[in-house]
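1. Sequence below, structure please.
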Amino acid sequence: MMLKRLLIYIGVILFATSCYKFNNPEKPKNLISKDKMVDILMDIRLISSANGANKSVLISRGILDKNYIYKKHNIDSLQFASSNSYYAYYIEDYEAIYAKVKDSLESLKKEYDELVEQDAQNKRVRDSINKIKRQNKPLKKDFIRAKRDSIKKAIKKRGLIEPISDVENESPLK
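-> The predicted structure follows:
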């Protein structure tokens with residue numbers, strides 16, 4: 001009895017595994033190349049990762065639609081679906097494609113992070129330059145007062161006529 005069950009289980013397992021290779025999908029006539037598939041999947045991942053304000057910009061420009069990707073890569077939805085299911089059946093190929101997608105996205109992120117850091121550094125430099133300019137730039141009132149005081153000193157030093165009025169608000173050159 002136990003041997004009979006064991007033989008049935010083994011038979012079912014052998015039957016299932018022997019039929020495994022017979023159900024593989026046929027290679028589509030218009031199969032998308034692996035490199036182009038990497039580009040398509042990258043675009044899909046980038047677009048699907050959009051959020052918030054970026055998403056509304058993409059929607060307003062018609063980019064969030066899958067048809068955008070099909071037009072960009074000059075393919076149709078049936079070609080993408082059949083190529084995707086073909087590569088998905090062959091796990092090693094699909095893993096290699098996704099490894100390239102992951103590497104490419106990580107490289108893009110690294111470039112983006114470097115650009116953000118460079119932009120932040122440039123902003124810090126501009127801010128510090130502006131701060132120095134603001135600190136060194138005399139206020140208009142202070143500038144006028146300093147000029148008036150220097151004119152008074154020059155007049156006293158040379159022995160010229162002193163101004164009649166010594167009021168702060170009046171200019172000695174009236």
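
2. Break down the chain into its helices, ranges please.
-> 2-18, 34-48, 52-60, 66-72, 77-89, 91-136, 140-158 (DSSP state H).

3. And the contacts of the shortest one?
-> Yep, that's helix 66-72 we're talking about. The contact list for helix 66-72, computed with C-beta atoms under 8 Å, 6 or more residues apart in numbering, reads 40, 43-44, 47, 62, 76-77, 80. Every C-beta, even on glycine, is put in place using the N, C-alpha and C of the backbone.

4. go again using 6 Å as the cut-off
-> Contacts to helix 66-72, defined as C-beta atoms under 6 Å, 6 or more residues apart in numbering, come from residues 43, 76.

5. Just the CA atoms of that helix, as CSV, please.
-> Extracted as CSV, the C-alpha positions of helix 66-72 are listed here (Å, rounded to 0.1, in the frame of the first residue of the first chain):
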residue,chain,number,x,y,z
LYS,A,66,2.3,53.4,-21.5
ASN,A,67,1.7,54.5,-25.1
TYR,A,68,4.5,57.0,-24.6
ILE,A,69,6.9,54.2,-24.0
TYR,A,70,5.6,52.2,-27.0
LYS,A,71,6.0,55.3,-29.3
LYS,A,72,9.4,56.2,-27.8
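
6. centroid residue for the chain?
-> When C-alpha atoms, centre = their mean is applied to the chain, the residue found nearest the centroid is Y112 (5.5 Å).

7. what's the closest of the helices of the chain to E26?
-> Of all those, it is helix 77-89 that lies closest to E26, at 8.1 Å by C-beta to C-beta.

8. Can you list the buried residues in the closest one?
-> Buried positions in helix 77-89, judged by neighbour count with 16 or more other C-beta atoms under 10 Å: 79-80, 82-84, 86-87.

9. and these as JSON lines, adding distance to I10 and pLDDT?
-> Below are these laid out as JSON lines (distance: C-beta to C-beta, whole Å; pLDDT from 0 to 100):
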{"residue": "Q79", "distance to I10": "42", "pLDDT": "92"}
{"residue": "F80", "distance to I10": "41", "pLDDT": "91"}
{"residue": "S82", "distance to I10": "36", "pLDDT": "91"}
{"residue": "S83", "distance to I10": "37", "pLDDT": "91"}
{"residue": "N84", "distance to I10": "35", "pLDDT": "90"}
{"residue": "Y86", "distance to I10": "32", "pLDDT": "90"}
{"residue": "Y87", "distance to I10": "33", "pLDDT": "90"}
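
10. Can you check which of the helices of the chain gets nearest to P28?
-> It is, among the helices of the chain and with distance given as C-beta to C-beta, helix 77-89, at 4.3 Å.

11. by contact count, what packs against the closest one?
-> Packing partners of helix 77-89 (3 or more C-beta pairs under 6 Å, 6 or more residues apart in numbering; DSSP states H and E): helix 91-136.
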